[in-house]
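Asks: Curious how this folds, go ahead:
(2 chains)
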Protein chains: 2
Amino acid sequence: MKNYKSKNRLNAAEYINGVLAGDRVLLSRAITIIESNLTSDKKLAKEIIQSILPNSGNSIRIGITGVPGVGKSTFIEAFGKLLISKGHKVAILSIDPSSQRSKGSILGDKTRMEDLANLDEAYIRPSASGDTLGGVANKTGETMFLCEAAGYDVILVETVGVGQSETAVHSMTDFFLLLMLAGAGDELQGIKKGIMEMADMLVINKADGDNVKMSQMAKRQYQNALHIFPLSESGWSPLVSTVSAIKNTGIEWVWDEIGNYKKLVYTNGYFVKNRNRQKIQWMYNNINDSLKELFYGSKDISNELTDLEEKVISSEISPVKAAENIIKKFKASF
Amino acid sequence: MKNYKSKNRLNAAEYINGVLAGDRVLLSRAITIIESNLTSDKKLAKEIIQSILPNSGNSIRIGITGVPGVGKSTFIEAFGKLLISKGHKVAILSIDPSSQRSKGSILGDKTRMEDLANLDEAYIRPSASGDTLGGVANKTGETMFLCEAAGYDVILVETVGVGQSETAVHSMTDFFLLLMLAGAGDELQGIKKGIMEMADMLVINKADGDNVKMSQMAKRQYQNALHIFPLSESGWSPLVSTVSAIKNTGIEWVWDEIGNYKKLVYTNGYFVKNRNRQKIQWMYNNINDSLKELFYGSKDISNELTDLEEKVISSEISPVKAAENIIKKFKASF
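Replies: Predicted structure coming up:
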């Protein structure tokens, strides 16, 4: 994977064949093209994605989130190793709108999940950089397709940032797992109620040593709290469990229950329905982003907007009239 | 105000002069034009708004929300009567994206605040109809401008619907008041945490009879809960109070504290800063809505989207590529 930035681009077929053959080096280089903002790379990226698309989708996509300090890396390492021991191939992707992708952050990611990174059946890819969460999420979504086409049948998508990225992860995964700690109120953990409502499973980590009793208490509290939420469309009732990623306890139960979830949503049709909805939503997100880019990306428009802001503040023009004026200008610009 | 629908349109100057003179009939007819979706009316509306704009803004705008059953109408009636007794002119507007404006709903609104509706210094206008919350909010915002130009110096904007409309109300008001009941958990009251974070004051209604003790307890609980939120940009610490709208107790305290709020935000500059930001935000909301309308309002585009949705679901085309195709088509359509 080293030096891929300096290598010349191959043609689309070479990337496609490489990815379909499960070649890790070519997979990484293909992802680099997906993440690139060069116009020529964007064209190449679309060709690659379009070709591998029929080979994507054969996986369970699991979103994993939780605030810093909750032990996410340790959990993912323990969880990933378990899955590999059961014969799965696991890709770990991350979404972090705030990150600037750099060699440093790649090394950082490899270091924090060292055992897992050394296994052939694990593929770890840190977050793409991007100006907007939408852009990063798009790229992570397409990276997910590539990993699936390369034979990874469990995709873990973790959030590194906080806030909106949880929603982005939820919108691209089949199962949403929220890691928590005992003994800290929700507010202290920075978890918004809306995030808890999305969770298919709450996993209380660090349930070891002196912490076991408190973790058990927290489990009961969260179980009670979950009852107040309306039943989710999947027909699945969110579960709460305690684990210790460091002592490697409770991890297998998590995977077993994800298996039960899969059985349920395959049978009742929710799995396919949800994936279809996600694809459609993804298309519309792209359309809306492109529309805004088309508009706000224009230099003429942005100069005019600066003028209009002043006029609106001084009540020289109403906000509605100002909007009308600039839309007229936009239409005339084609 | 009756039969205004059947009357012929006047010219812009007649509406403008009428509104500025505080003529209620012409005010109502001008609002009807604001709410109209006819192209000719839209043009007339923009002319009216543009002219009265310099005469708008001289008011305190108070957003009032709370779930059905909390006693909103009773509170607004008691509150409005108090303000009028102090020499104010009060306009009561509502936002309800789900409503279809009809004679029925107007009568309904008049009935539910009968005492207030009979006072010359009160002007009650129910929600405009609209397909989108954005559209309804725009119209309510412009109605607010007209009422201010007509001399109403307190504008109460209430939400009738639930959910997103609170955010719309918050984005167009100076002070946000959340009505609650004692003895019901937040979840039961349908109040999302995000809504509570926006509140400048929580008012626990129905603090009368057997309910007084519980209301006092609820007050303390909410006061504790509010401490966990970060200090708001206005520099104001949200207050909690108990009132009985039916017994008319605690209402004056609410108004006194709004007076203190006004003093604070006039002095520290937040009042103007917030209003300017709201105007700018309003312009951008309009632009984004218009952009979407320009795109999704096209018949060609919407036919193509139906096709693309199918192709995306069958993995014939990627969501990203589908978006690219349709944006190309859009650009070519000008």
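Asks: Quick check: A:Asn211 is in a helix.
Replies: Yes. The assignment for A:Asn211 by DSSP: H, G, I helix; E, B strand; the rest coil puts it in a helix.
Asks: what residues are up against the nearest residue to it once chain neighbours are set aside?
Replies: Leaving aside its sequence neighbours, A:Asn211 sits nearest to A:Ala182 (CB to CB, 6 or more residues apart in numbering or on different chains; 6.2 Å). For the C-beta atoms, the positions are set from N, CA and C on the backbone; glycine is no exception. Contacts for A:Ala182 (CB atoms under 8 Å, 6 or more residues apart in numbering or on different chains) come out as A:Ile204, A:Lys206, A:Ala207, A:Asn211, A:Met214, A:Ser215, A:Met217, A:Ala218, A:Lys219, A:Thr242.
Asks: ok, now with 6 Å
Replies: A:Ala182 makes contacts with A:Ile204, A:Met214, A:Ser215, A:Ala218, as judged by CB atoms under 6 Å, 6 or more residues apart in numbering or on different chains.
Asks: Also A:Ser56?
Replies: So A:Ser56 contacts A:Phe145, A:Glu148, A:Ala149 (CB under 6 Å, 6+ apart).
Asks: Next: A:Asn276.
Replies: Taking CB under 6 Å, 6+ apart, we find A:Asn276 in contact with B:Ile313.
Asks: Let me see the domain layout of chain A.
Replies: Domains of chain A are assigned by automatic domain parsing as A:1-55, A:57-267, A:297-332.
Asks: Throw these into a markdown table and include mean pLDDT, thanks.
Replies: Putting these into a markdown table (pLDDT from 0 to 100) gives the following:
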| stretch | mean pLDDT |
| --- | --- |
| domain A:1-55 | 87 |
| domain A:57-267 | 85 |
| domain A:297-332 | 92 |
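Asks: Quick check: A:Ile327 vs B:Ser36, distance?
Replies: A:Ile327 sits 20 Å away from B:Ser36, taking CB to CB, to the nearest Å as the criterion.
Asks: Show me the contacts of A:Ala182 that map onto strands.
Replies: Among these, DSSP state E puts A:Ile204 in strands.
Asks: For the stretch 151-300 of chain A, list the residues in contact with chain B, please.
Replies: Contact residues, the stretch 151-300 of chain A versus chain B (CB under 6 Å from any CB of the partner chain): A:187, A:193, A:228, A:276, A:279-280, A:282-283, A:286-287, A:290-291, A:295.
Asks: Just give the number of residues close to A:Gly259.
Replies: Neighbour count for A:Gly259, taken as other CB atoms under 10 Å in any protein chain shown: 11.
Asks: And the residue of the stretch 151-300 of chain A closest to chain B?
Replies: Ranking the residues of the stretch 151-300 of chain A by distance to chain B (CB to the nearest CB) places A:Asn286 first, at 3.3 Å.
Asks: which SS class is that residue?
Replies: Secondary structure, three-state DSSP: A:Asn286 is helix.
Asks: ditto for A:Ile228
Replies: What three-state DSSP gives for A:Ile228 is coil.
Asks: next one: A:Phe176
Replies: Three-state assignment for A:Phe176 (three-state DSSP): strand.
Asks: so how far is A:Thr167 from it?
Replies: Distance of A:Phe176 to A:Thr167, given as CB to CB: 10 Å.
Asks: The two: who's more crowded?
Replies: Legend: neighbour count by other CB under 10 Å for A:Phe176 and A:Thr167, higher for A:Phe176 (21 against 16).
Asks: Number of residues surrounding the nearest residue to that one once chain neighbours are set aside?
Replies: Leaving aside its sequence neighbours, A:Phe176 sits nearest to A:Gly63 (CB to CB, 6+ apart; 4.5 Å). Look at A:Gly63: counted by other CB under 10 Å, it has 25 neighbours.
Asks: So which of the domains of chain A is the most surrounded?
Replies: domain A:57-267 (a mean of 19; mean count of other CB atoms under 10 Å in any protein chain shown).
Asks: which one among the contacts of A:Ser56 gets closest to chain B?
Replies: Among the contacts of A:Ser56, A:Phe145 lies closest to chain B (CB to the nearest CB), at 7.7 Å.
Asks: Compute the distance between that closest one and A:Lys139, please.
Replies: Separation of A:Phe145 from A:Lys139 (CB to CB) stands at 11 Å.
Asks: Taking the residues of the stretch 151-300 of chain A next to chain B together, which two end up most distant?
Replies: Pairwise distances across those peak at 41.8 Å for A:Ile228 and A:Phe295 (criterion: CB to CB).
Asks: quick check, A:Thr173 in a helix?
Replies: No. Remark: A:Thr173 does not belong to a helix; assigned using three-state DSSP, it is coil.
Asks: Contacts only, for it.
Replies: Going by CB under 6 Å, 6+ apart, A:Thr173 touches A:Arg61, A:Gly63, A:Val157.
Asks: Take those residues and keep only those in strands.
Replies: Those of the contacts of A:Thr173 lying in strands (DSSP E): A:Arg61, A:Gly63, A:Val157.
Asks: What's the separation between the first one and A:Asp289?
Replies: Using CB to CB, one gets 22 Å for the distance from A:Arg61 to A:Asp289.
Asks: OK, contacts around the residue lying closest to A:Gly250 once chain neighbours are set aside?
Replies: Leaving aside its sequence neighbours, A:Gly250 sits nearest to A:Val243 (CB to CB, 6+ apart; 3.3 Å). If you count contacts by CB under 6 Å, 6+ apart, A:Val243 has them with A:Val203, A:Asn205, A:Gly250, A:Ile251.
Asks: Try it again at 10 Å.
Replies: A:71, A:75, A:78-79, A:179, A:203-208, A:215, A:249-254 (CB atoms under 10 Å, 6 or more residues apart in numbering or on different chains).
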